[in-house]
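>>> Would you be able to build a 3D model of this:
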Amino acid sequence: MDRGLNADRGASILKDTIAEMTYAEVAEALGRGAIALWGCGVAEQHGPHLPTGTDIYIPSARLHLVRRMLADHGIEALIIPPFYWGGNHVSASFPASIKVRPEVMIALMVERDARPRRRRAQGALLHVGAQRPGA
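All right, here's what the predicted structure looks like:
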């Protein structure tokens with residue numbers, strides 16, 4: 001169903017991320033000092049006019065722009081597939097909203113970075129998709 005949204009609606013959030021790379025390619029990039037870019041957003045309702053992935057698509061798109069800007073300055077960056085499980089209690093009762101307990105969300109995010117230093121990026125940027133008024 002087309003509601004007049006842009007042509008990229010439903011674009012793969014895995015496109016141009018480490019999900020499309022082999023582990024050897026990721027290891028080589030990390031060995032060169034690549035930094036990690038990671039988007040975070042919740043699949044949740046945004047009213048009848050927007051897809052539930054809005055808070056996921058926005059940081060994903062922004063991080064692709066950030067990666068291009070970093071590359072213009074000679075900085076290599078890898079995009080990690082977005083984190084889209086959240087603890088939103090406001091929208092949890094709506095169909096298609098994904099909700100996990102806050103402690104599960106925190107544990108998953110911490111575990112993602114609990115690897116030996118030689119297998120981690122030199123630095124990381126976390127971009128959160130939800131924008132709240134006054135935040």
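>>> Give me the neighbour count for Ile98.
Neighbour count for Ile98, taken as other C-beta atoms under 10 Å: 15. Yep, even glycine has a C-beta here, placed from its N, CA and C like the rest.
>>> which residue sits closest to it in space, ignoring its chain neighbours?
Counting by C-beta to C-beta, 6 or more residues apart in numbering, Ala43 is the residue found nearest to Ile98 once chain neighbours are left out, at 4.4 Å.
>>> now the strands for the chain?
With DSSP state E, the ranges of strands along the chain come out as 35-40, 77-83, 124-128.
>>> and the first one, what other elements does it pack with?
Packing partners of strand 35-40 (3 or more C-beta pairs under 8 Å, 6 or more residues apart in numbering; DSSP states H and E): helix 54-72, strand 77-83, strand 124-128.
>>> okay if I get these as a markdown table plus distance to Leu108, mean neighbour count and mean pLDDT?
Formatted as a markdown table, the helices and strands packed on strand 35-40 follow (distance: least, C-beta to C-beta, whole Å; neighbours: other C-beta atoms under 10 Å; pLDDT from 0 to 100):
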| stretch | distance to Leu108 | mean neighbour count | mean pLDDT |
| --- | --- | --- | --- |
| helix 54-72 | 15 | 17 | 92 |
| strand 77-83 | 7 | 21 | 92 |
| strand 124-128 | 13 | 16 | 69 |
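>>> if I look at the spatially closest residue to Arg32 that is not a sequence neighbour, how far off is Leu50?
What sits nearest to Arg32 in space, not counting adjacent residues and going by C-beta to C-beta, 6+ apart, is Glu76, at 5.9 Å. Glu76 is 33 Å from Leu50, where distance means C-beta to C-beta, to the nearest Å.
>>> what's the answer for Arg68, then?
To Leu50, Arg68 is 26 Å away according to C-beta to C-beta.
>>> what do you get for Glu44?
Distance check for Glu44 against Leu50: by C-beta to C-beta, it reads 10 Å.
>>> Between the two, which has more neighbouring residues?
Neighbours were tallied for Glu44 and for Leu50 using other C-beta under 10 Å; the higher tally belongs to Glu44 (22 against 14).
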